[in-house]
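# turn this into a model:
(one chain, ligands or ions: 1)
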Amino acid sequence: MTVPWVNWSGSQVVRPKHLRRPTTLAELQEILREAAGRGGRVKPVATGLSFSDILQGDDTLLEVTALLGEPDSGTLLALEPELWRAPSPAPLVRIAAGARIRQLNAALARAGLAFGNLGGYDGQTMIGAISTSTHGSGLTLGPLASAVRSLDLVTSDGSLMRVEPSRGLTDPAKFKRRYGSSMTLIQSDDWFFPVVVSMGCMGVIYSVTMAVSPAYRLYERRRIRAFSEVERELASLAPLKAFRNYEVVIAPYRRLDGDFDCLVTERNVASPELPRMPLPRGRQAAESLTFLASTQHAVIELMGNEPRMISAVLRAGLEALETGPEPHIDDSFLVYNVGFVNTAHVLSGEYFFPLRGGAFLRAVRGLLDVVEQNARAGIHQPSPLALRFVAGSRAPLSMARAEPHCTVEIAIFSGFPRAAEALLSYERLCLSLGGRPHWGQMHELTGRAGWLASAYPQLQKWLQAYRYFNARGTFDNHFTDRLGLSRLRGKAS
Ligand SMILES: Cc1cc2nc3c(=O)[nH]c(=O)nc-3n(C[C@H](O)[C@H](O)[C@H](O)COP(=O)(O)OP(=O)(O)OC[C@H]3O[C@@H](n4cnc5c(N)ncnc54)[C@H](O)[C@@H]3O)c2cc1C
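Below is the predicted model:
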């Protein structure tokens, strides 16, 4: 192949021997049979919004974005309630591999439904986001993967499996009557939870059935505060219990009084009688101007050439995001989306720390110290740190495994002077403090001998499923090579 496949941020340039874009399930099955038949390796990719080498493949790169079900079904596939053991207590939807969150939000809104939580962007496919344990913010709200109840997986011989937790949704007898030997039903926690967050290493997920909720509106307030005050409150976890979604964005350079500015976002469900109060048009226009490619370029150049200006630029940025005296009330999916900031050309790292024992607050202070030390060595941080909170996940390789975590995200404009050095210094610190990097974000040090097993005590559970679903090594890839997990290392053809 002459033209490489490049991800959204440009951080991964992939040069596979074959690039395939199936449009139907049958085509997907045929591609997998053909590649596996000749001992090739297959890497599924979606919209490529991940930054890391989980997107790298050497043989067959399989882009799933055109897998949208039958032409008339769109992004939502037909459910099969007639095969369930009992009616589901929550509304469920079945989502195709190629469906982007943005398209799904629109489809759900038309049906009077909404996702229970979302991250800050809607450009990803839902299944790509689930596969890396993508998350939003809220002490009681797990990563998106937590809402999955059932999934259809295509394995290397092209066969189709429906995988569910133990005592899952589907009645095995009814399933057998409909599908006979054409599809296998697996209902086991030991297989289901590993495969939900498997970064494309166990097969291609053709569809997921996930729980959603009736449509709702959110009330959002954003204001600038001193970080030392917010830090005291966070130590007791009180704000995380008071608000459904809570986020803190910290400007990492000291104010004159030695404290740090931070923007606190608080959200709760708005009562239905409150009218929508969208963001003022002027504010939206100002944001769109700020993130125009030409403006971004000028601001980045200014901060690169005159680092003493960074703190003023960041303060102005936080002020622009305050909600002011009027709250922001809108449909949930519009409020979750952080808007034009998503168009910034950045590279980003994100680390997960347990809330238990205040480890996350030590990590934040540690990162602020690293930013200060780096500045003395001429390495500058031109964007803020973002803290979000997420409930524990049952997936063995979810970064939010088992208990509530704080996520600390730190992004840097790609092309900003010494960006790679800065990101590496943050990763070094966060790993030394027990942080787990988001699989989809930049991470360079996770291949160190013993790191994976020490960071993920349930690794063996994940490996057991990986060996079962990936018995022929078809879904080994650069990432599993680097982590020393590949079944058939070096067998790429
Ligand atoms: C602007 C921006 C905003 C972001 N916001 C957030 C956020 O708010 N919260 C957060 O946690 N993360 C966030 N991320 C990270 C992003 O959500 C994840 O990296 C996500 O996995 C990307 O999804 P994708 O559809 O682009 O999948 P890709 O990046 O293409 O693939 C991700 C992984 O999923 C696997 N995969 C994809 N589709 C399938 C399939 N059908 N079957 C099997 N495996 C599959 C791939 O092999 C790969 O390992 C953001 C990233 C960007 C660039």
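# which part of the stretch 151-300 of the chain gets nearest to the ligand, residue-wise?
When distances are taken as CB to the nearest ligand atom, the stretch 151-300 of the chain reaches nearest to the ligand at residue 200, 2.2 Å away. C-betas here are computed from N, CA, C, even on glycine.
# doesn't residue 54 make contact with that residue?
Yes - counting by CB atoms under 8 Å, residue 200 touches residue 54, with 7.1 Å between them.
# which bits of the stretch 51-200 of the chain sit near the ligand?
54-55, 64, 97, 119-121, 124-125, 127-129, 131-132, 134-135, 199-200 (CB under 6 Å from any ligand atom).
# which neighbours do residue 200 and residue 54 share?
residue 477 (CB atoms under 8 Å, 6 or more residues apart in numbering).
# pLDDT at residue 488, what is it?
Here the pLDDT value assigned to residue 488 is 62.
# ugh, wrong one, I meant residue 288
79.
# could you shift the numbering so residue one becomes 547, and keep it that way?
Yes, from this point I'll number from 547; that puts the last item at residue 834.
# neighbours around it, how many?
13 (other CB atoms under 10 Å).
# so it: helix, strand or coil?
Here residue 834 is helix, with the state taken from DSSP: H, G, I helix; E, B strand; the rest coil.
# OK, now which residue of the stretch 847-996 of the chain is nearest to the ligand?
residue 986 (2.3 Å).
# that residue contacts residue 599, doesn't it?
No - assessed by CB under 8 Å, residue 986 is found out of contact with residue 599, at 10.7 Å.
# neighbour-wise, which of these two wins?
Using other CB under 10 Å as the criterion, residue 986 and residue 599 rank with residue 986 on top: 23 against 20.
# hmm, who's touching whichever helix or strand residue 969 is part of?
According to DSSP states H and E, residue 969 maps onto helix 965-978. Under the contact criterion CB under 8 Å, 6+ apart, helix 965-978 has outside partners 893, 895, 897, 899, 909, 912-913, 916, 920, 925-927, 954, 956, 958-959, 983, 988-992, 997.
# count the neighbours of residue 784 for me.
11.
# could you do residue 883 as well?
Residue 883, neighbours per other CB under 10 Å, totals 20.
# if we ignore the residues flanking it in sequence, what's nearest it?
Excluding the flanking residues, the one nearest residue 883 by CB to CB, 6 or more residues apart in numbering is residue 668, at 5.5 Å.
# wait, that neighbour touches residue 645, no?
No - with contact defined as CB under 8 Å, residue 668 does not count as touching residue 645 (11.2 Å).
# what about these two, which has more around it?
residue 645 (28 against 21).
# which ones are touching the more buried one?
Contacts of residue 645 by CB under 8 Å, 6+ apart are 614, 621, 622, 671, 672, 673.
# and the third one, what are its phi and psi?
If I follow you right, that is residue 622. phi -100, psi 130 (degrees, to the nearest 10).
# quick one: the strands in the stretch 897-1039 of the chain, in order.
931-936, 951-959, 982-983 (DSSP state E, counting those that start in this stretch).
# what would the ones you listed look like in a markdown table with mean pLDDT?
Shown next, in a markdown table, are the strands of the stretch 897-1039 of the chain (pLDDT from 0 to 100):
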| stretch | mean pLDDT |
| --- | --- |
| strand 931-936 | 98 |
| strand 951-959 | 97 |
| strand 982-983 | 98 |
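# just confirm residue 692 is within a strand.
No - under three-state DSSP, residue 692 sits outside any strand and is assigned helix.
# tell me what the closest residue to it other than its chain neighbours is bridged to.
Spatial nearest neighbour of residue 692, excluding adjacent residues (CB to CB, 6+ apart): residue 939 at 5.8 Å. Judged by DSSP bridges, the bridge partners of residue 939 are residue 947.
# and residue 939, what does it touch?
679, 688, 689, 691, 692, 743, 946, 947, 948.
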